[in-house]
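Trainee: have a look at this fold, sequence not included:
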């Protein structure tokens, strides 16, 4: 096995924590001696051991002089709310010979200082192995840790002619069971799922993970005047306590009291000039609550707001081979008059899902990954390609 | 080489006539003796030798006792306008030992009689080798020969949110140069290209083959009141004589006289109850003029008409990774209220074209291929799959 294969194993281990590590990243670590893995570990959830320490503690052979592969730079800091000691110190103490990391950790408390500490202690550090895979794996973390705002992923299910529903608001089902199962998997991986009031009214969704096993995400509703029907699925069942309704100061206090009495939280934020819930305020509030990733499932008004205000990071569209004709459009007015003003997705990837196609792309890789861009050659390359194709 | 490989060669030869054989099919033939190809031929254009005869005449060795591979059943008829003698007679005369054909010829004048004549003469005939590939190759022929109506292929270029243009009618360019080159290749393969008046007004297209070499198709415009601008590209240049404007009885005769004086033909057909050019009448007229295949390039009103009236056979959509938001929708009202009423494409195939994806599908394979369905096991299978996925 070469270094790529060991790092690939670290990434595979990291993924075992998917859906449970937030707001921490997914991290895996592999300890290697004489070309043989002697220990493995991953970060399972906040408060539990970091991957490096988990790997050390899972190793029964001597570690001094061994190599470690880890997809993220080891932490080097102790801040008031941090529950685990710095991993860099532990690696130095264990006398690791060499460390391979995929990328630096752009966390302002780390950001190269973990690598610097190791190098000062005489440990060789090589950065960049499988950096691109490491990047996509923790894309939500990289955004959140640098901005305090959740990574925003818009998910749409469309007909080939761009409709999310018929004119009678029928949308069940544009896509098939496999596409919907994939969406439930996405929900598991995200801290929260968001919809607008119209979607609650027309679909009465549960926004839970049912078609696959996993963690239940927070459920977020944008509801300017708290008009959510009291019998809505979102206000019922166990998950109603993991549900948060954003409203504007123009809401009716009696409705608020009734929703809160039912066990669901209401958060008032400013209204934007059109009277809608102010989306930047929503994102700041979610970020401050530790929600690092947000899956936006509609409807059209909500999609339009996030796209027009350039507040999304990623877009996934499931396109089904059906034609609906006049119906509910996915995206409303963005003020685009010329094709050159259209929002052009970057790093677009297509995947066939049974009879459907899934389109995935990013709004702006540099906005999402920020300072990390400088550390990942492949990402710089991607940015260049995207910029060139936009011309 | 086995029989599939020889038939594949026949199909490859057939394709050399692409764009030039209409209203005849593309046919290739290979003569084989002792596992070795001794002669090849294809049908180049109407009036010239059929593939079987071309192959025979290209062969310098004795043919008696050899095998022939041909993607279509040999003709067996002599009708008033037919310019070539029956191929079946020639094969019998040449004393071919065995013939492999991919499919029968559903031409009502043939439809199994060529095969029957050969068998009566003691020639072994095997049907079905690479029948699926043979089917897609001549899909326009199979429709036209059985219905007298052209095969209708709708081609759209859309943003991921289903727009064909911005609200200001800007559509240049949603797709990139490679997608547009593919469209020019399609034009070469089709007998005629059709647009509506709005597309002429907003894009002033030439509808010619420029980005690739090939044959210039007929250019068809639907123009209810002959409001096409006199300076439109379609009314100028050499190709204006290969341009046909369909209008309704409500047109202005002075405009008609001016257009005809300029060298472009006008055809009056009935108006439908909404006052639009009656599309079935357009297709009948084109069919009677020997136009066996029609590429419809827009705009929205034209697409909507062909889809609502179930008059298209195939749909190709190039989807670009851009979001336009409010703009010109691809397809208008189809009367679809429930998702179950949506038009569900059959045999959908996806192909990545640079940053874009091309979606291709059929409206109804049985409507398009008709009696041929019974002869092509793979097509029966496809129909079953499509029917099942629609449920």
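Mentor: That came through fine. The model shown is predicted, which means the values in this text are computed figures rather than measured ones. Numbering: from 1, shown residues only, chains lettered A, B, ... in the order given.

Trainee: tell me the pLDDT at the residue in the stretch 101-250 of chain A positioned nearest to chain B?
Mentor: Nearest residue of the stretch 101-250 of chain A to chain B: residue A:162, at 1.5 Å (Cβ to the nearest Cβ). For the C-beta atoms, the positions are set from N, CA and C on the backbone; glycine is no exception. Note on residue A:162: pLDDT of 95.

Trainee: hang on, it packs against residue B:158?
Mentor: Yes: taking contacts as Cβ atoms under 8 Å, residue A:162 lies within contact range of residue B:158: 6.8 Å.

Trainee: ok so, going back, so who does the residue of the stretch 101-250 of chain A closest to chain B touch?
Mentor: A:329-331, B:158-163, B:329-330 (Cβ atoms under 8 Å, 6 or more residues apart in numbering or on different chains).

Trainee: JSON lines for those, including distance to residue A:314?
Mentor: Formatted as JSON lines, those follow (distance: Cβ to Cβ, whole Å):
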{"residue": "A:329", "distance to residue A:314": "21"}
{"residue": "A:330", "distance to residue A:314": "16"}
{"residue": "A:331", "distance to residue A:314": "15"}
{"residue": "B:158", "distance to residue A:314": "21"}
{"residue": "B:159", "distance to residue A:314": "17"}
{"residue": "B:160", "distance to residue A:314": "13"}
{"residue": "B:161", "distance to residue A:314": "16"}
{"residue": "B:162", "distance to residue A:314": "20"}
{"residue": "B:163", "distance to residue A:314": "21"}
{"residue": "B:329", "distance to residue A:314": "25"}
{"residue": "B:330", "distance to residue A:314": "25"}
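
Trainee: any low-confidence regions in the stretch 1-150 of chain A?
Mentor: The stretch 1-150 of chain A contains residues with pLDDT under 70 at A:1.

Trainee: try 80 this time
Mentor: A:1, A:81 (pLDDT under 80).

Trainee: where do the strands sit along it?
Mentor: A:28-33, A:36-42, A:67-72, A:98-103, A:124-127 (DSSP state E, counting those that start in this stretch).

Trainee: how about these, which one is nearest chain B?
Mentor: Closest to chain B of those, according to Cβ to the nearest Cβ: strand A:98-103, at 25.7 Å.

Trainee: what does the stretch 251-391 of chain A have sitting close to chain B?
Mentor: When proximity is defined as Cβ under 8 Å from any Cβ of the partner chain, the stretch 251-391 of chain A approaches chain B at A:304, A:307-308, A:315, A:317, A:319, A:321-327, A:329-339, A:341-345, A:348, A:350, A:352, A:355, A:357, A:359, A:361, A:389.

Trainee: quick revisit: shared neighbours of residue A:162 and residue B:158, anything?
Mentor: Common contacts of residue A:162 and residue B:158, defined by Cβ under 8 Å, 6+ apart, comprise residue B:330.

Trainee: right, and out of the contacts of residue A:162, which lies closest to residue B:5?
Mentor: Of all those, residue B:158 has the smallest distance to residue B:5: 39.3 Å, by Cβ to Cβ.

Trainee: give the burial count for the closest one, as a bare number.
Mentor: By the measure other Cβ atoms under 10 Å in any protein chain shown, the count of residues near residue B:158 is 27.

Trainee: would you agree it falls within a strand?
Mentor: Yes: judged by DSSP: H, G, I helix; E, B strand; the rest coil, residue B:158 forms part of a strand.

Trainee: just to revisit the earlier point, PyMOL command to pick out the buried ones of the residues of the stretch 251-391 of chain A next to chain B?
Mentor: In PyMOL, this line selects whichever of these come out buried by 16 or more other Cβ atoms under 10 Å in any protein chain shown:
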select buried, chain A and resi 304+307+308+315+317+319+321+322+323+324+325+326+327+329+330+331+332+334+336+339+342+343+344+345+348+350+355+357+359+361
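
Trainee: quick one: contacts for residue A:334?
Mentor: A:304, A:307-308, A:342-343, B:323-326.

Trainee: distance check, it against residue B:50.
Mentor: Per Cβ to Cβ, to the nearest Å, residue A:334 is found 56 Å from residue B:50.

Trainee: about what we covered before: could you dump the contacts of residue A:162 into JSON lines with secondary structure and distance to residue B:208 added?
Mentor: Below are these laid out as JSON lines (DSSP: H, G, I helix; E, B strand; the rest coil; distance: Cβ to Cβ, whole Å):
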{"residue": "A:329", "secondary structure": "strand", "distance to residue B:208": "33"}
{"residue": "A:330", "secondary structure": "coil", "distance to residue B:208": "34"}
{"residue": "A:331", "secondary structure": "coil", "distance to residue B:208": "34"}
{"residue": "B:158", "secondary structure": "strand", "distance to residue B:208": "23"}
{"residue": "B:159", "secondary structure": "strand", "distance to residue B:208": "25"}
{"residue": "B:160", "secondary structure": "coil", "distance to residue B:208": "29"}
{"residue": "B:161", "secondary structure": "coil", "distance to residue B:208": "30"}
{"residue": "B:162", "secondary structure": "coil", "distance to residue B:208": "28"}
{"residue": "B:163", "secondary structure": "strand", "distance to residue B:208": "25"}
{"residue": "B:329", "secondary structure": "strand", "distance to residue B:208": "27"}
{"residue": "B:330", "secondary structure": "coil", "distance to residue B:208": "23"}
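
Trainee: between these, which is closest to residue A:64?
Mentor: residue B:160 (54.1 Å).

Trainee: give me the pLDDT for residue A:378.
Mentor: Looking at residue A:378, the pLDDT reads 61.

Trainee: if we can go back for a sec, farthest pair within the contacts of residue A:334?
Mentor: Every pair of those checked by Cβ to Cβ; the farthest is A:304 and A:342, at 13.8 Å.

Trainee: show me chain A divided up by domain.
Mentor: A:3-137, A:149-364 (automatic domain parsing).

Trainee: in TSV: the ones you listed, plus distance to residue B:239.
Mentor: Output for these, formatted as TSV (distance: least, Cβ to Cβ, whole Å):
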stretch	distance to residue B:239
domain A:3-137	49
domain A:149-364	27
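
Trainee: and the strands of the stretch 1-150 of chain A, which is most packed in?
Mentor: For the strands of the stretch 1-150 of chain A, the largest average neighbour count (mean count of other Cβ atoms under 10 Å in any protein chain shown) is found in strand A:67-72, namely a mean of 29.

Trainee: give the contact list for the closest residue to residue A:302 other than its chain neighbours.
Mentor: The spatially closest residue to residue A:302, leaving aside those adjacent along the chain, is residue A:196, at 4.0 Å (Cβ to Cβ, 6 or more residues apart in numbering or on different chains). The neighbours of residue A:196, taking Cβ under 8 Å, 6+ apart as the test, are A:221-223, A:298-299, A:301-302.
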